[in-house]
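K.L.:
Task: produce atomic coordinates for the following.
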Amino acid sequence: MGRRIRRHRKGHVIVDLDEHERRILRDLAEQLRALLLDGSEPSLRRLFPTAHPDDEVKEREYQSLVHDNLLEHRLATLDEFEATLDAATLTVAQTERWMTALNDLRLVLGTLLDVSEDSVEFDPDAEDAFSQAVYHFLGGLLEQVVDVLFSTLPPPAK
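P.N.:
Modelled structure (predicted):
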């Protein structure tokens with residue numbers, strides 16, 4: 001995958017996606033929103049991690065404290081991601097939202113595909129080849145966003 005997201009020398013971030021790629025991202029964001037609002041999909045488990053796997057009572061208490069805030073944050077991030085999907089340039093703050101949204105999309109899709117470290121290779125003959133390709137596309141975009149955001153950090157103090 002070529003560079004789709006890169007930092008301009010003037011500081012903003014250039015997004016070079018074609019309409020088909022933007023449509024895929026828009027569709028994925030809509031699907032994730034529906035899953036989040038439904039709340040019962042097991043593929044969301046990576047977005048709402050377990051803190052107390054061995055204590056059901058503590059886990060329920062923990063989820064009751066954090067779940068709604070996490071959900072609100074994820075939905076707000078999706079709103080901002082969707083609002084900027086047609087943009088040719090992004091601010092650094094908008095790029096941070098893209099990073100979060102792309103990561104959420106990739107985590108959920110990876111869970112649905114049952115991706116593990118042993119199964120990261122793309123199989124063009126698999127029944128779910130399109131979903132695998134989208135998963136790898138999201139990974140490539142996420143890597144580019146992280147590279148751009150890394151380039152905005154100040155140099156380490158000496």
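K.L.:
neighbouring contacts of stretch 97-117?
P.N.:
Here stretch 97-117 makes contact (Cβ atoms under 8 Å, 6 or more residues apart in numbering) with 5, 25, 28-29, 32, 35, 42-47, 74, 77-78, 80-81, 84, 90, 128, 131-132, 134-135, 138-139, 141-142, 145-146, 149. In short, each C-beta sits where N, CA and C put it, glycine included.
K.L.:
pLDDT on it, on average?
P.N.:
The pLDDT scores in stretch 97-117 average 93.
K.L.:
Pull out the buried positions in it.
P.N.:
97-111, 113, 115 (16 or more other Cβ atoms under 10 Å).
K.L.:
and what of stretch 132-141?
P.N.:
132, 134, 135, 137, 138, 139, 140, 141.
K.L.:
Please tabulate the residues you listed in JSON lines, including the columns secondary structure, distance to residue 68 and pLDDT.
P.N.:
Rendered in JSON lines, the data for those read as follows (DSSP: H, G, I helix; E, B strand; the rest coil; distance: Cβ to Cβ, whole Å; pLDDT from 0 to 100):
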{"residue": "132", "secondary structure": "helix", "distance to residue 68": "33", "pLDDT": "91"}
{"residue": "134", "secondary structure": "helix", "distance to residue 68": "29", "pLDDT": "96"}
{"residue": "135", "secondary structure": "helix", "distance to residue 68": "28", "pLDDT": "94"}
{"residue": "137", "secondary structure": "helix", "distance to residue 68": "31", "pLDDT": "96"}
{"residue": "138", "secondary structure": "helix", "distance to residue 68": "26", "pLDDT": "97"}
{"residue": "139", "secondary structure": "helix", "distance to residue 68": "29", "pLDDT": "94"}
{"residue": "140", "secondary structure": "helix", "distance to residue 68": "33", "pLDDT": "95"}
{"residue": "141", "secondary structure": "helix", "distance to residue 68": "29", "pLDDT": "97"}
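K.L.:
Good, wrapping up.
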